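Q: sequence first, predicted model second:
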There are 2 protein chains.
Amino acid sequence: MTHPRSVGFVEAQKAHFDEPLPLKAGRVLPQYDLVYETYGTLNAARSNAVLVCHALSGSHHVAGVYRDDPHNVGWWDNLVGPGKPLDTEKFFVIGVNNLGGCFGSTGPVSINPATGKPWGADFPFVTVEDWVNAQARLADRLGIERFAAVIGGSLGGMQALSWSLQYPERVRHVLAIATAPKLSAQNIAFNEVARQAILSDPDFHGGNYYEHGVVPKQGLRLARMIGHITYLSDDAMAEKFGRALRHGIMRYSYDIEFEIESYLRYQGDKFARFFDANTYLLTTRALDYYDPAADYGGDLAAAFARAEAAFLVVAFTTDWRFSPARSREIVSALVHSEKDVCYAEIDSKAGHDSFLLEHPRYHAVLRAYFNRIEV
Amino acid sequence: MTHPRSVGFVEAQKAHFDEPLPLKAGRVLPQYDLVYETYGTLNAARSNAVLVCHALSGSHHVAGVYRDDPHNVGWWDNLVGPGKPLDTEKFFVIGVNNLGGCFGSTGPVSINPATGKPWGADFPFVTVEDWVNAQARLADRLGIERFAAVIGGSLGGMQALSWSLQYPERVRHVLAIATAPKLSAQNIAFNEVARQAILSDPDFHGGNYYEHGVVPKQGLRLARMIGHITYLSDDAMAEKFGRALRHGIMRYSYDIEFEIESYLRYQGDKFARFFDANTYLLTTRALDYYDPAADYGGDLAAAFARAEAAFLVVAFTTDWRFSPARSREIVSALVHSEKDVCYAEIDSKAGHDSFLLEHPRYHAVLRAYFNRIEV
């Protein structure tokens, strides 16, 4: 274990659901599995459960490591553990891989019972609201009537917000970090280019590449490279890479000249080796579609009227994917809706990715907020 | 003619050069053609010539229309013409397609005399400095010893700046618009993803796609889509497209749902039909490589010491590709180098593309600046 105060060795669990799940887009998922992990202990009052929602490339593996894969550290391990800001000595923490995912929950790589083949392109569109509904069923299964808190960053923050609207009585605190109340045209544009990279890859085969024994690696690689540019701030990139040359001198070629190129290619290649392209497509669409104010004529304050939770909203100064202005839209709507809301705008150089990092002031804010939650 | 005060019908001309051109990257172009257009009349003193340098997707066709293609209006027609800010009744204006281009000047689509086949991937890397050297030879050919002004936006602005450093005595005024003294890591990152989209297209064939009777359309399309996101501001996209739905309702598919998707696909498809992929690659590398301060230990003021021109630097508030901060780096270096410099920061919503638009305050600044140039 390289991390002090780690939850240590963890094991993923699987819950099977036979009751069909009606989806927002109209289709019904007849049955499904959800893979999840838990850290800490549910108290007798069942009042200390915290749900951690993941973003585009995340999973149920939030903290700790696996006995047979000790380098596979959970994606939010710096936050979740004994004595950490989300303290597993106080809270019972749950991470769950969303429907449509590629880490064990039912998704495009799963076998469609109706055909005996992978769902592939026929896997139904899933939305933030569908994920929350599925998470609520998992909560039922685990005997959790009401969460002490639901927390998430980016797309995870959208799920946390949606919990307060879909199940107002089932969540006491919502922590929405580096997120937005809906995507902007520019956000959608970046998603669209990423999708087109995958859809136009000859190895995509209309989404049924599994049958062809290939994966649309190039498309997925490009999608991830584009994504990475939006996760980092201009400043962070300048500081980390600047115009540093890989070989000290210009070589005049399309091979790697600048260190930033090496970084992007590495990130893209790595991602393309383990992530499923159909899941990437589905997830970017879930982002595009999320817009809780849509049913209220665009009035976000009206949408939040039914929320009962208290809110912590956190943004990072150099995040240009979901800038502080987007978080302030959420805060403003909550204030107008007379909700209990705290807002922290953290001075960070790291852009959107800040929400995953161990920034002292950011973690201090989360620690203080979790400390005051009674269980 | 739809445009009032147009230069009217124009004709492209071709100049052939037999004297080999040594290139910055070390190779020599044995012979080459430059395609160009001129508007207005060179005065007897040959003191009224203005060179217009083009950016990534531009060409020599700056103003007017062709008799056999009356809808093909020059890319800066709103600026250049009788009575327009760059007034062709006063100035003799020249547009030239850069070396490596795909609109008639020698480039990857041209026949390599050594092989009798298109240059393709074997066309040498060309830099901003090489373009300026070639433009200087064209100026010699046209009998222009000294330009009244050299003007350009974006990559064109880099050429204008480079004129003041490579041929200090041959340019009286430099107008550098929406440009930067060098690319940032983020700028290079966007170029790199665009290049990877082209290089990984199976129809690229290592750059020799001409022989295969195909073009790497999908890669070029993706490259242009990425580019377009960076040309528009977040605000402009929000105002122009927002989250407007193509069909009024969500259809839950990867076809066009949002208007912004339709726009990007249209722009990508259009571009892929006429632009050459090798030229795109070469040009993005010319952008990456440009760094006039590199030979001065990164000291841009020292680099500008030898300049003799007066400068107008223009930036646009919502340009995030080359933000005003980048223009201010140029201005600051010129001030420290005790040059004659004016700076205008134009309040525009349109992002980087502003430099191509007919913005009243922007055009007023250019008009005033050109008016004061004596010829």
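A: Yes, it's here. Numbering: from 1, shown residues only, chains lettered A, B, ... in the order given.
Q: you'd agree residue A:307 is up against residue A:338?
A: No. Counting by C-beta atoms under 8 Å, residue A:338 is not a contact partner of residue A:307; they are 10.3 Å apart. In short, each C-beta sits where N, CA and C put it, glycine included.
Q: who in the stretch 1-150 of chain A is up against chain B?
A: Contact residues (C-beta under 8 Å from any C-beta of the partner chain) of the stretch 1-150 of chain A with chain B: A:25-26, A:125.
Q: where exactly do the strands run in chain A?
A: A:13-17, A:21-22, A:28-29, A:32-39, A:49-53, A:80-81, A:86-87, A:92-96, A:111-112, A:117-118, A:147-153, A:171-177, A:310-316, A:341-346 (DSSP state E).
Q: who's in contact with stretch A:57-77?
A: With contact meaning C-beta atoms under 8 Å, 6 or more residues apart in numbering or on different chains, stretch A:57-77 is reached by A:1-3, A:6-12, A:35-37, A:39, A:52, A:54, A:79-81, A:88, A:93, A:95-97, A:101, A:103-105, A:156, A:271, A:275, A:356.
Q: need the buried ones from those selected in PyMOL.
A: Filtering those down to the buried ones (16 or more other C-beta atoms under 10 Å in any protein chain shown) takes a single PyMOL command:
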select buried, chain A and resi 3+6+7+10+12+35+36+37+39+52+54+79+80+81+88+93+95+96+97+101+103+104+105+156+271+275+356
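Q: now do the domain split for chain A, please.
A: A:13-182+A:291-372, A:187-284 (the TED database).
Q: dump the ones you listed into JSON lines; add distance to residue B:293 and mean pLDDT as well.
A: Formatted as JSON lines, the domains of chain A follow (distance: least, C-beta to C-beta, whole Å; pLDDT from 0 to 100):
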{"stretch": "domain A:13-182+A:291-372", "distance to residue B:293": "24", "mean pLDDT": "98"}
{"stretch": "domain A:187-284", "distance to residue B:293": "10", "mean pLDDT": "97"}
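Q: go through those and name the closest to residue B:227.
A: domain A:187-284 (9.9 Å; C-beta to C-beta).
Q: and that closest one, how far apart are its ends?
A: The first and final residues of domain A:187-284 sit 10 Å from each other (C-alpha to C-alpha, to the nearest Å).
Q: any part of that domain near chain B?
A: Yes. Counting by C-beta under 8 Å from any C-beta, chain B has neighbours in domain A:187-284: A:188-190, A:192-193, A:195-197, A:199-200, A:202, A:218, A:221-222, A:225-226, A:228-229, A:232, A:234, A:237-238, A:240-243, A:250, A:252-254, A:257-258, A:260-261, A:264-265, A:268, A:281.
Q: buried among those residues? Make that a PyMOL selection.
A: To isolate the buried members of the residues of domain A:187-284 next to chain B in PyMOL, using 16+ other C-beta under 10 Å:
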select buried, chain A and resi 188+189+190+192+193+195+196+197+199+200+218+221+222+225+226+228+229+232+234+237+238+240+241+243+250+252+254+257+258+260+261+264+265+268+281
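Q: mark which of the residues of domain A:187-284 next to chain B are part of helices, please.
A: Judged by DSSP state H, the residues of domain A:187-284 next to chain B include A:188-190, A:192-193, A:195-197, A:199, A:218, A:221-222, A:225-226, A:228-229, A:234, A:237-238, A:240, A:260-261, A:264-265, A:268, A:281 as members of helices.
Q: so which residues make contact with stretch A:291-310?
A: A:161-165, A:168-169, A:171-174, A:181-182, A:329-330, A:332-334, A:336-337, A:339-342, B:243.
Q: tell me how far residue A:177 lies from residue A:120.
A: Using C-beta to C-beta, to the nearest Å, we find residue A:177 at a distance of 33 Å from residue A:120.
Q: the two - which one has more neighbours?
A: Neighbours were counted for residue A:177 and for residue A:120 using other C-beta atoms under 10 Å in any protein chain shown; residue A:177 has more, 27 against 21.
Q: mind listing the residues bridging to that one?
A: Beta bridges link residue A:177 to residue A:153, residue A:314 when assigned by DSSP bridges.
Q: so what's it up against?
A: Each residue near residue A:177 by C-beta under 8 Å, 6+ apart is listed here: A:151-154, A:156-157, A:313-315, A:355.
Q: tell me the one of these nearest chain B?
A: Closest approach to chain B among the contacts of residue A:177 (C-beta to the nearest C-beta): residue A:315, at 15.6 Å.
Q: now the closest one: how far from residue A:347?
A: For residue A:315, the distance to residue A:347 equals 11 Å [C-beta to C-beta].
Q: could you do residue A:251 as well?
A: Residue A:251 is 38 Å from residue A:347, by C-beta to C-beta.
Q: so who does residue A:146 touch?
A: Taking C-beta under 8 Å, 6+ apart, we find residue A:146 in contact with A:46-47, A:49, A:169-172.
Q: switch the cut-off to 7 Å
A: Shown in contact with residue A:146 (C-beta atoms under 7 Å, 6 or more residues apart in numbering or on different chains): A:170-172.
Q: now residue A:47
A: A:148, A:375.
Q: same question for residue A:244.
A: Residue A:244 neighbours (C-beta under 7 Å, 6+ apart): A:258-259.
Q: what's the answer for residue A:275, then?
A: Taking C-beta under 7 Å, 6+ apart, one finds A:57, A:102, A:220 in contact with residue A:275.
Q: now the last one: closest residue in space that isn't a chain neighbour?
A: Leaving out its chain neighbours, the residue that sits closest to residue A:220 by C-beta to C-beta, 6 or more residues apart in numbering or on different chains is residue A:272, at 4.3 Å.
Q: cool, and the second one?
A: What sits nearest to residue A:102 in space, not counting adjacent residues and going by C-beta to C-beta, 6+ apart, is residue A:276, at 3.5 Å.
Q: so how far is residue B:282 from the one you found?
A: 36 Å.
Q: which residue is nearest the middle of chain A?
A: Closest to where the C-alpha atoms of chain A average out (C-alpha atoms, centre = their mean) is residue A:55, at 1.1 Å.
Q: so between residue A:307 and residue A:338, which is more surrounded?
A: More neighbours surround residue A:307 than the other of residue A:307 and residue A:338, with 22 against 10 (other C-beta under 10 Å).
Q: residues contacting the closest residue to that one other than its chain neighbours?
A: Nearest residue to residue A:307, sequence neighbours excluded (C-beta to C-beta, 6+ apart): residue A:164, at 4.0 Å. Counting by C-beta under 7 Å, 6+ apart, residue A:164 makes contact with A:171, A:174, A:307, A:309.
Q: try 10 Å this time
A: A:132, A:150, A:170-174, A:176, A:292, A:303-304, A:306-311, A:334, A:339 (C-beta atoms under 10 Å, 6 or more residues apart in numbering or on different chains).
Q: buried subset of those?
A: A:132, A:150, A:170-174, A:176, A:292, A:303-304, A:307, A:309-311, A:334, A:339.
Q: neighbours around the nearest residue to residue A:191 once chain neighbours are set aside, how many?
A: In space, and not counting its chain neighbours, residue A:191 is closest to residue A:284: 4.1 Å by C-beta to C-beta, 6+ apart. Residue A:284 sits with 24 neighbouring residues when counted by other C-beta under 10 Å.
Q: is it true that residue A:284 touches residue A:195?
A: Yes. With contacts defined as C-beta atoms under 10 Å, residue A:284 counts as touching residue A:195 at a distance of 5.9 Å.
Q: any residues in contact with both of the two?
A: By C-beta under 10 Å, 6+ apart, residue A:284 and residue A:195 have these common neighbours: A:223, B:254.
Q: picking up where we left off before, could you redo the contacts of residue A:177 as TSV and give each row distance to residue B:142?
A: TSV is the format used below for the contacts of residue A:177 (distance: C-beta to C-beta, whole Å):
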residue	distance to residue B:142
A:151	67
A:152	63
A:153	59
A:154	56
A:156	62
A:157	60
A:313	62
A:314	61
A:315	56
A:355	58
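Q: could you redo the domains of chain A as a markdown table and give each row distance to residue B:361?
A: Formatted as a markdown table, the domains of chain A follow (distance: least, C-beta to C-beta, whole Å):
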| stretch | distance to residue B:361 |
| --- | --- |
| domain A:13-182+A:291-372 | 25 |
| domain A:187-284 | 26 |
